[in-house]
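Novice: Build me a model:
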Amino acid sequence: MKNLFLGTAALALTASFAMADTVRLGTEGAYPPYNFINDAGEVDGFERELGDELCARAELTCEWVTNEWDSIIPNLLSGNYDTIIAGMSITDEREEVVDFTQGYTRPSPSAYAAMADGVDLKGGVIAAQATTIQSSHVAETGATLVEFPTPDETVAAVSAGEADAVLADKDFLIPIVDSTELKFVGEDVFLGGGIGMAFRESDAELRGKFDAAIASMKADGSLNALLAKWEIEGQF
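Specialist: Numbers count the residues shown, from 1 in each chain. Presented below is the predicted three-dimensional model:
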């Protein structure tokens, strides 16, 4: 699903996880159905359920931390939390600075949504969330890219006529298209290598615990059941 690494690679990796400590799970809290803040002010969504189950299987005590998307990797590297579980697509660029678990989804489609058919997706103005694989793809197509800090702002730009279309994860756009005047246009686009949890390169042991927990959920079918519950494509 989402999204490219921003360009702040060379932070000092001074924070290292101690296995006796509480594991802090970093997420955005603004990308339903993967993660969002519910009416009680708590992290909710597919990744909340997934993260809690993975922590239980790995026999780890965990707590949730929210962070804005555009600084989510730098704040992992600086030690503000121990892992990212935030709809983050596995990409070669990100793997230069963080280590990923295996994917807990297969690569799922991104899609364009617009107010009307006939939008020029190659030469028009396309909105995308900043530092995502979608924004990188738009830049490569030759269209005029307009970036916004949050996914909701990309949709608002199209509704307000500031952009011709938005490119985002289809899972994110489906409920919006179902409830607004926006419609899907063009072909689906498959980007990235699936979604995984990201860790500091120094935390191989912790990453291994979560990797094993993901593998166990794949093996017993519970991961596919959770993906189906949240109507997320990319099942195994």
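
Novice: Spell out which residues make up each domain of this protein.
Specialist: Listed by automatic domain parsing, the domain ranges of the chain are 23-106+193-229, 109-190.

Novice: wait, which of the ones you listed is closest to residue 236?
Specialist: domain 23-106+193-229 (5.5 Å; C-beta to C-beta). Where C-beta positions appear, they are placed from N, C-alpha and C, glycine not excepted.

Novice: Give me the mean pLDDT for the closest one.
Specialist: Throughout domain 23-106+193-229, pLDDT has a mean value of 97.

Novice: Touching, residue 126 and residue 143? I think so.
Specialist: Yes - in this structure residue 126 lies within contact range of residue 143 using C-beta atoms under 8 Å: 4.6 Å.

Novice: The two: which is more packed in?
Specialist: residue 126 (30 against 22; other C-beta atoms under 10 Å).

Novice: Mind listing the residues bridging to that one?
Specialist: residue 145, residue 165 (DSSP bridges).

Novice: quick one on the thing from earlier: with distance to residue 236 as extra columns, can I get the domains of the chain in CSV?
Specialist: CSV is the format used below for these (distance: least, C-beta to C-beta, whole Å):
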stretch, distance to residue 236
domain 23-106+193-229, 5
domain 109-190, 16
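
Novice: ok, which stretches of this protein are strands?
Specialist: For the chain, applying DSSP state E gives strands covering 23-27, 30-31, 35-37, 43-44, 62-66, 83-84, 99-100, 109-114, 125-129, 144-148, 165-169, 183-190, 198-199.

Novice: burial of residue 105, as a residue count?
Specialist: 24.

Novice: I meant to write residue 210 there.
Specialist: Neighbour count for residue 210, taken as other C-beta under 10 Å: 27.

Novice: and if you look at residue 65?
Specialist: 17.
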